[in-house]
Every structure is written in structure tokens, then in C-alpha cells.
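Enquirer: Would you be able to build a 3D model of this:
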Amino acid sequence: MKVRLGFVANSLSLWDASPAKTMTYKRYTELPKNERMDRLKEVTRLNLEHTKRILYLCAAHEIKLYRLSSSLVPLATHPEVAWDFYSPFKREWKELGDLIKMFGIRASFHPNQFTLFTSPKQHVTDNAVKDMVYHYRMLEYMGIEKDSVINIHIGGSYGDKEETLVRFHENLKNLPGNVKEVMTLENDDKTYTVEETLDVCQKEDVPMVLDIHHHMANPSKKPLEDYLENIFATWDRRDLVPKIHISSPKSEKAFRSHADKVDPDFVEGFFKTLKTFNQDVDFMIEAKHKDLAMLKLIEDLSSIRGVKRVSGGALEW
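Expert: Reported below is the predicted structural model:
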């Protein structure tokens, strides 16, 4: 069993490397009209440059898993702006894609919690489609859409899970086929359990991203190991290694919040369960300390008897 580890968006190992520098619409409107577009381009150029720095860091550490920031392009989907963020940056987008391919990095996006297909309000669905298309366009601009994923949650229950899930399947028909092709769904910490999310993934033929922290906060009826084989099978169509989100609670009181690092004791039991399936997986580390937390966890897990660290970002058992 081989396990690769990765991290989300920013690198705390680098100085001032945030790829999510932003610009609010309010600030945009406060600028003189002739300066607005220049400022948007300036912030976007900086985000793309910082992403490049982080990709080089991944290569240096042999990290093969990285989640790109959803905030690379400020105001990309704002109805009053909706600007062309490709033409001025053709070279930069291509360079990022070329680096991702050259370094063998598995890249992904995770839109925010407002990207929902469960809402009874049409404008919410319309905005979700717009946001998913925005993320897909960035993958296309980099030329990595065939090997990447855009991960979202099912969403809220609106007081009636059964009715909401029917609406989810119906609303999802609004999503262009090429975008749905790279979509994944993740179980969440309050509403949709592993079992419920897996059922939706099987019906829609969409890969499922398992989040073990969310499962601990919002467990299913059966033990997690009873679902693993079917979760892994959802990835067969894409011919990609299953992806799993790893984090640990900030505290007992703030159980759903992510800690700065990952407590190895919190994930070790699950890690040992995986061994019985002999399934290669990718761990996306969701911790406040980003790459520092990832590098610490790989050290901790490699201390388990029989586990060998085979590169900067991978283990074998």
C-alpha cells in the first residue's frame, strides 16, 4: 500500500506566499475606473506567481498532491465584473500546468461552502454552476482538467433530506457534462454522512472523497470499514487513486474545527484499517499549518512499525 500526502493552498514554509490575495467588490468600486482592471490583474498575477513558488516547493519536497486555491482570480464570477482572466495570463496559466505535469503533481480545487446544488432557490444553483465552470476553466487553462478534480459537498438538508436529495439530483442536471466529469463529492461533518454521500455518488457516477474527521463528527450507521471498498470503487471510472481528507479536531469542545497539525493518534486507527484493503490512497492534509502539518504527519506515520517513508511526500506499508 502506497500513501501520498499533500496540503491545501498556502505554504507556511515560504515567506509571503499566499495564492489567495483578494480584492473585494467594494474596494474595486472605490478605485477610479481606469485603475480597476489594472489592480485586478496585479492581484491575479501575484496569486499565480505565488502558486508557482509553491509548486517548486512541492517538487523540492517530492510532494505529489496539492490543492490549488479557489481564490486565484479575484471577482472572477462577480456579475458586475466577470472579466477575462485568461488572455492577460496565457503564459502564466500554461506555465503552472506545465510545472504540475512535469513534477507529477495531482492538483485539485475545492470551491467554498456556497457552491450548492441542494437549494430550492434557482439563483443559488445558477451561481453554483457559474462557480464550478470558473474552476473548470482554470484547470483547462492549465491543461490539467483530465487528471484533476473539483470537490464539493452535497450541501444543506433544508429540513427534509429526502426531498433535498431529489432536488440535488435534479439541480445537478444544470452542470455542463464536462464539468461534472471532474466533480467529486465529500461527506460532511453535520448533514450528509458517508453512507448518504456514497449513495449519491453511486447514483451520479461521481467519485467520493472520504473525510475521516467529518465521519467522526457525523458517523454513519455502520463502521467506516464497511463502506471503504465501495468508496474506492467510485474512483474506477476516472482511473485515479482514491483521495481521503485527513485532519484532527482543534479540541474536544471545538471538535469540528481543524487543528493546527494532525494528531497521529487520531488517524492511526484509520491508517491501520486501510492496510487491510491494500489500496493505494492519497491523503490531503487539512490543517491550519498547511505544509508544515503535512511534513510532521508523514514523519509521525513513518514511525509505525512496517511503514517506510519512500520519498519526501510518500509512505509504503
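
Enquirer: Residue 134: what's it in contact with?
Expert: 73, 76-77 (C-beta atoms under 8 Å, 6 or more residues apart in numbering). Every C-beta, even on glycine, is put in place using the N, C-alpha and C of the backbone.

Enquirer: Over to residue 10?
Expert: 17-20, 54, 69, 290.

Enquirer: Can you read off the pLDDT for residue 166?
Expert: Predicted confidence (pLDDT) for residue 166: 97.

Enquirer: so it is in which element?
Expert: Using DSSP states H and E, residue 166 maps to helix 161-171.

Enquirer: go on, residue 271?
Expert: In the assignment (DSSP H and E), residue 271 maps to helix 264-275.

Enquirer: Give me the helices and strands touching that helix, please.
Expert: Using 3 or more C-beta pairs under 8 Å, 6 or more residues apart in numbering; DSSP states H and E, the elements in contact with helix 264-275 are helix 212-217, helix 225-233, helix 290-302.

Enquirer: nearest to residue 154, of the contacts of residue 10?
Expert: Using C-beta to C-beta, residue 69 comes nearest to residue 154 of those, at 22.8 Å.

Enquirer: residues touching the closest one, list them.
Expert: 9-10, 19-20, 47, 51.

Enquirer: same check, this time on residue 150
Expert: Residue 150 sits next to 108-111, 132, 135-136, 139, 179, 182-184 when contact means C-beta under 8 Å, 6+ apart.

Enquirer: can you pick the most crowded of the residues you listed?
Expert: residue 135 (28 neighbours; other C-beta atoms under 10 Å).

Enquirer: Only the buried residues of the helix or strand harbouring it, if you could.
Expert: Per DSSP H and E, residue 135 falls inside helix 122-142. Residues 124-125, 127-129, 131-142 are the ones in helix 122-142 that count as buried (16 or more other C-beta atoms under 10 Å).

Enquirer: What's the end-to-end length of stretch 253-260?
Expert: Using C-alpha to C-alpha, to the nearest Å, the end-to-end distance of stretch 253-260 comes out at 15 Å.

Enquirer: Buried residues in it, which are they?
Expert: For stretch 253-260, a neighbour-count test (16+ other C-beta under 10 Å) marks 258-259 as buried.

Enquirer: Centre of the chain to that stretch, how far?
Expert: 19 Å (C-alpha atoms, centre = their mean, to the nearest Å).

Enquirer: can you pull out the helices in the stretch 1-150 of the chain?
Expert: 25-30, 33-61, 90-103, 122-142 (DSSP state H, counting those that start in this stretch).

Enquirer: Quick one: list the elements packing against the longest one.
Expert: In this case it means helix 33-61. helix 25-30, strand 65-67, helix 90-103, helix 290-302.

Enquirer: ok, residue 206 to residue 277 distance?
Expert: 21 Å (C-beta to C-beta, to the nearest Å).

Enquirer: if you count what's nearby, which of these two comes out ahead?
Expert: Using other C-beta under 10 Å as the criterion, residue 206 and residue 277 rank with residue 206 on top: 22 against 14.

Enquirer: Could you pull up the contacting residues of residue 41?
Expert: Taking C-beta under 8 Å, 6+ apart, we find residue 41 in contact with residue 88.

Enquirer: circling back: ok, and for the next helix or strand after the helix holding residue 166, which residues are buried?
Expert: For helix 161-171, the succeeding helix or strand toward the C-terminus, using DSSP H and E, is helix 177-180. If you call a residue buried by 16+ other C-beta under 10 Å, then helix 177-180 has these buried ones: 179-180.

Enquirer: after helix 177-180, next one along is what?
Expert: Next in sequence after helix 177-180, counting helices and strands by DSSP H and E, comes strand 183-186.

Enquirer: Under the pLDDT cut-off, which ranges of the stretch 201-317 of the chain? List them.
Expert: For the stretch 201-317 of the chain, no stretch has pLDDT under 70.
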